[in-house]
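>>> Below are the sequence and a predicted model; questions follow.
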Amino acid sequence: MPLTFGEAAGWYRNIVAAGWCVITWRGADHTVASAVIVDRTTALPAFPRYERLALRVIGINEFVWLHDAPSSPGGRRDSR
């Protein structure tokens with residue numbers, strides 16, 4: 001995910017503080033954890049070509065890489 005406002009962004013600080021979060025994408029909830037900041041070179045291959053161009057043009061250099069959590073809090077598996 002693009003880290004447009006840097007490490008001071010509230011959403012990023014909340015994920016780091018909690019250690020995990022739930023992201024809803026295309027109608028499905030995904031429990032993710034282990035937020036890691038990566039550079040543009042590492043992140044851009046994950047984006048479609050038009051988004052890569054836009055991210056370069058607006059100068060986004062940091063991204064957050066989130067990993068699948070082994071299970072949701074409370075023992076419930078995430079739905080995929």
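It's in.

>>> all contacts plus neighbour counts: C-alpha atoms, from now on.
Fine.

>>> for this structure, what spans make up the helices?
In the chain, the segments counted as helices under DSSP state H are 10-18, 40-43, 49-57.

>>> Tell me where the model's unsure across this protein.
In the predicted model, the chain carries pLDDT under 70 at residues 71-80.

>>> Next, count neighbours for the nearest residue to residue 43 once chain neighbours are set aside.
Leaving out its chain neighbours, the residue that sits closest to residue 43 by Cα to Cα, 6 or more residues apart in numbering is residue 63, at 6.5 Å. Residue 63 is flanked by 22 other residues according to other Cα atoms under 10 Å.

>>> same deal with the one 3 residues further on?
Counted by other Cα under 10 Å, the residues lying close to residue 66 total 17.

>>> what sits against it?
Counting by Cα atoms under 8 Å, 6 or more residues apart in numbering, residue 66 makes contact with 32, 33, 34, 35, 36.

>>> Turn these into CSV, including neighbour count.
Output for the contacts of residue 66, formatted as CSV (neighbours: other Cα atoms under 10 Å):
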residue, neighbour count
32, 21
33, 21
34, 17
35, 18
36, 11
